[in-house]
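*Asks:* Give me a model of this one.
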Amino acid sequence: MFSRLLPFILTLGFTPAALAATSSVSTHTSARQAVAKSTAKSTAKSRATKRAKATAGKRRASARAAHSGHSGHSGHSARDKSSTHAPQRRVSLKDDRFTGVKLARKSFRSGGAASGVTVFVNGRGARIRGGYEDSANNRSSIAWSRGRDAVSVPAFAGGGQTWGGMMTCLRDQLSAYDVKVTDRRPESGEYIMMMVGGSPGMLGYQRGVGGVAPYTGGVVNGTIGFIFADAFGGDARELCETVAHEIGHTLGLDHTYECTDTMSYLHGCGEKSFQDQAMACGEWGERSCGPGGRVQNSHRRLARNVGLRPQSPTRPQPPTRPQPPTPDKPPVVADTRAPRISMISPRNGSSFEYGDILFIVFDAKDERGVAKVELLWNADGRTTVYRCGDLPEELPIECGRAGDRFAFALQVGAGERKFAVRVTDTAGNASTTRWRRASFAEPEVDVDIWAQIEDDLTQDDYGDCG
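*Replies:* Alright, predicted model coming up:
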């Protein structure tokens, strides 16, 4: 668990192709502990400095009053009561979706609600500098946390027709709420900016990442999100849903485990929208929600955080489709046929970099239905069985399903691993794939670090060994 409260956390969005891709998406989970420790140290040092300056200021004021012969007037304290301070949120280290961000805006609003929010969708490109969140001055703590002093986001290259279709779709997605969506930069006031253009490599992310934005559980006005448009080609609808997804994070929405919701990673169920229903949160499986709730209603949470448009007191619901009559059930016949498994990725013998997330993707079909899906994982000669839907919370492994397609996502150390998939149907028939191998590179060591260590050793006189 983090011992330090961080101002906000960063959310990653993946493209639908990431599930079926043989490449993997890197996260830097181990860096979060260093972020938490450095944040705690810098905050404590900053508070000590403020107290010292306040004390010194009072002493100087008293000295000036005594020297001039006038009695001192009571002045403002060092911490003005009207000043605002960013609320802080607790983040669990068990949750591998989140990457700590070191910088937040000094006047950062978190966890609250706002009305009349403006979202500027920037497709003209810009040079974004690292620093405190300030969309009006092109400053982003996401860029800073990724080690970029500045990043040049190129203009949207998908053409005017795709851009127009995306903007029409985006305005429709947010039409029920008090949110103004524009592709022209506002001349004044505070606004959220979504940079639409370029590829995930600009910020050091691997292929498959579709977007990234800050998230606190409340409205975070004045921030900057990134949507890597090159990954979507000319698909205006998919691009629109990704932009709406990242906007949702800045307006206080977590990921949901409901395929039809805009905030879901799941795909293959048609067009998405902000659903008016209670949904579990999650990416590849169900979990509790970021603000501490058990479920999230995306529509109602948006309505509470930013308000509804005056002309839309209630959100119109799509007409329900008539359900076809249920046919008579056929006579029960004994099921002796095992499920059929088709491995999608990775290929046998694939190699990965250290710290990559391994996606094991496969299709499992059975006439009577799949009852149990298990990953057989062999590391250092020992085999462990992980069951989809009953995974240990303390390990970086998740499982998800979309129709007949299943995916295990897990973070692996260095060395060679073997794995197989076992699927059991409702009648108890089971199928197991052949074992596959995957190798993970050793972590790279910075040559400059070893050179510095060698210099330090040569400066001390340790004597000879005999």
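
*Asks:* Tell me who's in contact with residue 343.
*Replies:* Counting by CB atoms under 8 Å, 6 or more residues apart in numbering, residue 343 makes contact with 361, 362, 421, 433, 436. From N, CA and C alone the C-beta is placed, and that goes for glycine too.

*Asks:* and if you look at residue 130?
*Replies:* Residue 130 sits next to 103, 139, 140, 141, 143, 144, 145, 148, 149, 150 when contact means CB under 8 Å, 6+ apart.

*Asks:* Just name the closest of those to residue 123, please.
*Replies:* Residue 123 lies nearest to residue 140 out of the contacts of residue 130, by CB to CB, at 16.8 Å.

*Asks:* The nearest residue to that closest one once chain neighbours are set aside pairs with what?
*Replies:* The spatially closest residue to residue 140, leaving aside those adjacent along the chain, is residue 224, at 4.2 Å (CB to CB, 6 or more residues apart in numbering). Beta bridges link residue 224 to residue 193, judged by DSSP bridges.

*Asks:* just to revisit the earlier point, in strands, which of the contacts of residue 343 fall?
*Replies:* Applying DSSP state E to the contacts of residue 343, the entries found in strands are 361, 362, 421, 436.

*Asks:* just those residues now: which is nearest residue 292?
*Replies:* For the ones in strands among the contacts of residue 343, the closest approach to residue 292 (CB to CB) belongs to residue 361, at 32.0 Å.

*Asks:* so who does the residue lying closest to residue 262 once chain neighbours are set aside touch?
*Replies:* Once flanking residues are discounted, residue 262 sits nearest to residue 272: 4.6 Å by CB to CB, 6+ apart. For residue 272, the contact set (CB under 8 Å, 6+ apart) comprises 241, 244, 259, 260, 261, 262, 264.

*Asks:* Show me how to select, in PyMOL, the buried members of the residues you listed.
*Replies:* Burial among these is assessed by 16 or more other CB atoms under 10 Å; the matching PyMOL selection reads:
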select buried, resi 241+244+259+261+262+264
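
*Asks:* Tabulate the contacts of residue 272 (TSV), appending distance to residue 443 and pLDDT.
*Replies:* Shown next, in TSV, are the contacts of residue 272 (distance: CB to CB, whole Å; pLDDT from 0 to 100):
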residue	distance to residue 443	pLDDT
241	36	95
244	37	96
259	36	93
260	40	95
261	37	96
262	37	95
264	33	93
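
*Asks:* before we move on, the earlier item: of all the contacts of residue 130, which comes closest to residue 407?
*Replies:* Nearest to residue 407 among the contacts of residue 130, counting by CB to CB, is residue 145 at 27.4 Å.

*Asks:* so where does residue 221 fall, helix or strand?
*Replies:* Counting by DSSP states H and E, no helix or strand carries residue 221.

*Asks:* Low-confidence regions, the chain specifically.
*Replies:* Low-confidence segments of the chain, defined by pLDDT under 70: 1-115, 291, 311-318, 328-333, 445-466.

*Asks:* got the residue ranges for the helices in it?
*Replies:* Remark: helices assigned in the chain by DSSP state H are 31-68, 141-145, 160-173, 236-250, 298-306, 447-459.

*Asks:* list the buried ones in the shortest one?
*Replies:* Put plainly, it is helix 141-145. For helix 141-145, burial by neighbour count (16+ other CB under 10 Å) applies to 141, 142, 143, 144, 145.

*Asks:* I'd like to know which elements it is packed against.
*Replies:* Counting contacts by 3 or more CB pairs under 8 Å, 6 or more residues apart in numbering; DSSP states H and E, helix 141-145 packs against strand 126-130, strand 209-215, strand 224-227.

*Asks:* and the first one, which strands flank it?
*Replies:* Strands adjacent to strand 126-130 in the sheet, as given by DSSP bridges, are strand 139-140 (parallel), strand 150-153 (antiparallel).

*Asks:* Next, count neighbours for residue 441.
*Replies:* If you count neighbours by other CB atoms under 10 Å, residue 441 ends up with 13.

*Asks:* number of nearby residues for residue 266?
*Replies:* When neighbours are counted by other CB under 10 Å, residue 266 registers 22.

*Asks:* circling back to that earlier point, would you confirm that the residue nearest to residue 140 contacts residue 132?
*Replies:* No - using CB atoms under 8 Å as the test, residue 224 is too far from residue 132 to be in contact (11.0 Å).

*Asks:* related to what we said a few turns ago, tell me which of the strands paired with strand 126-130 lies nearest to residue 196.
*Replies:* Evaluated over the strands paired with strand 126-130, closeness to residue 196 peaks at strand 150-153, with 8.5 Å, by CB to CB.

*Asks:* CA-only coordinates of stretch 406-424, as PDB, when you get a sec.
*Replies:* Extracted in PDB, the C-alpha atoms of stretch 406-424 (Å, rounded to 0.1, in the frame of the first residue of the first chain):
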ATOM      1  CA  PHE A 406     -10.900 -14.700 -23.100                       C
ATOM      2  CA  ALA A 407      -7.700 -12.900 -22.100                       C
ATOM      3  CA  PHE A 408      -5.400 -13.200 -19.100                       C
ATOM      4  CA  ALA A 409      -3.100 -10.100 -18.500                       C
ATOM      5  CA  LEU A 410      -0.200 -10.500 -16.100                       C
ATOM      6  CA  GLN A 411       3.100  -8.800 -15.300                       C
ATOM      7  CA  VAL A 412       6.100 -11.100 -15.400                       C
ATOM      8  CA  GLY A 413       9.700 -10.900 -14.200                       C
ATOM      9  CA  ALA A 414      12.800 -11.900 -16.100                       C
ATOM     10  CA  GLY A 415      13.500 -15.400 -17.400                       C
ATOM     11  CA  GLU A 416      11.600 -18.200 -19.300                       C
ATOM     12  CA  ARG A 417       8.000 -19.200 -18.500                       C
ATOM     13  CA  LYS A 418       5.700 -21.900 -19.700                       C
ATOM     14  CA  PHE A 419       1.900 -21.700 -19.800                       C
ATOM     15  CA  ALA A 420      -1.200 -23.600 -21.000                       C
ATOM     16  CA  VAL A 421      -5.000 -22.900 -20.900                       C
ATOM     17  CA  ARG A 422      -7.600 -25.400 -19.500                       C
ATOM     18  CA  VAL A 423     -11.300 -24.900 -20.200                       C
ATOM     19  CA  THR A 424     -14.100 -26.900 -18.500                       C
END
